[in-house]
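A.B. asks: For reference, the sequence and a predicted model appear below.
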Amino acid sequence: MSRDNILHKVRTALGRSAGQGVADVPPVRLRIPETPLDERIAVMRARIETLAGVTARVPDMNAAREYVRTAIAGKTALASNSPYLAECGISNLPGVTCGIHDVGEMREVSARVDIGITSANYALGDTGTLVMLELEAMGLKRVATEVSVQYVDHNLIQTDHKNPDDHLFLQSACQRFGVWFSRPGNGVSHPVHMQNFGKPGKTLLGSDSHTPAAGSPLHNESPGR
């Protein structure tokens, strides 16, 4: 079969014709409810606490620093190299070690200290659809993490409309929330994230069982406790 015949079949399947221009990017497919900030924060805290997490809300960076100072009083801590922690002054608190870039040294110090302090990156695997729906339900307008990435690296088979619909939804959700989007075929999340975003001293939170492998076996993330 000639190249022209193949292209004709592809165009016919897509409902297109030769010379037809590329369509505009589809609009964002999310409707974000206007929820007051206090209510959004309360919902987020309640859901974290439902999972046995502990939350604290502070009015500003100075209060955040003092909260951490009290929480780690008399203990040793290792802080990530996050600019946010430095801006808050948390990196310079008594008992806090910071500025380590060597992976081996970081592992040694992590094994000795009582507490790990970090701000987080966030990476989503194919379970990201559920995460995006949850963010929509929470009324979130933009992500607040330093780096957030959506990887589409597993559900690639397109025998019907379901996976492509998910991919379009994820792309539009990433546009809405300010998240990096790694399209189907761009690569598996483990090495792609390590090569593009991994940095010593950062912590990676993942929405599936594979993302903790980003950076392994020389893990490039600081363990948070």
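C.D. replies: The structure has been received and is ready for your questions.

A.B. asks: Give me the neighbour count for Glu105.
C.D. replies: With neighbours defined by other Cβ atoms under 10 Å, the count for Glu105 comes to 12. In this view, the C-beta of every residue, glycine as well, is placed from N, C-alpha and C.

A.B. asks: So for the longest helix anywhere in the chain, what gets flagged as buried?
C.D. replies: For the chain, the helix that runs over the most residues, judged by DSSP state H, is helix 162-177. Of the residues in helix 162-177, 163, 166-167, 169-177 count as buried by neighbour count, 16 or more other Cβ atoms under 10 Å.

A.B. asks: With stretch 135-143 instead?
C.D. replies: Residues 135-136, 138-140 are the ones in stretch 135-143 that count as buried (16+ other Cβ under 10 Å).

A.B. asks: For the nearest residue in space to Ser119 that is not next to it in sequence, give me its contacts.
C.D. replies: Using Cβ to Cβ, 6 or more residues apart in numbering and skipping the chain neighbours, the partner closest in space to Ser119 is Ser82 (4.1 Å). Contact analysis of Ser82 by Cβ atoms under 8 Å, 6 or more residues apart in numbering lists 118-119, 146, 201-202.

A.B. asks: Inside strands: which ones of those?
C.D. replies: Assigned to strands by DSSP state E, none of those qualify.

A.B. asks: Check the gap between Lys199 and Val96 for me.
C.D. replies: From Lys199 across to Val96, the span is 19 Å (Cβ to Cβ, to the nearest Å).

A.B. asks: Who has more neighbours out of the two?
C.D. replies: Neighbours per residue (other Cβ under 10 Å) separate Lys199 from Val96, with Val96 holding more: 21 against 18.

A.B. asks: I figured that one hits Ile117, correct?
C.D. replies: Yes - using Cβ atoms under 8 Å, Val96 is in contact with Ile117, at 6.9 Å.

A.B. asks: one step back: pLDDT and distance to Ala42 added to the contacts of Ser82, as a markdown table?
C.D. replies: Below are those laid out as a markdown table (pLDDT from 0 to 100; distance: Cβ to Cβ, whole Å):
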| residue | pLDDT | distance to Ala42 |
| --- | --- | --- |
| Thr118 | 77 | 24 |
| Ser119 | 72 | 21 |
| Glu146 | 81 | 24 |
| Gly201 | 66 | 31 |
| Lys202 | 70 | 28 |
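
A.B. asks: Name the nearest of those relative to Pro191.
C.D. replies: Sorting the contacts of Ser82 by how near they are to Pro191, with Cβ to Cβ, puts Lys202 at the top with 16.2 Å.

A.B. asks: neighbours around the closest one, how many?
C.D. replies: Neighbour count of Lys202, defined by other Cβ under 10 Å: 21.

A.B. asks: quick one: it and Pro83 touch, right?
C.D. replies: No - shown here, Lys202 and Pro83 do not form a contact pair, counting by Cβ under 8 Å, at 11.1 Å.

A.B. asks: Next, show the common contact partners of the two.
C.D. replies: Common contacts of Lys202 and Pro83, defined by Cβ under 8 Å, 6+ apart, comprise Glu146.

A.B. asks: what about the helices in the chain?
C.D. replies: For the chain, the helices defined by DSSP H cover 3-14, 37-50, 61-71, 83-88, 103-112, 128-138, 162-177, 189-196.
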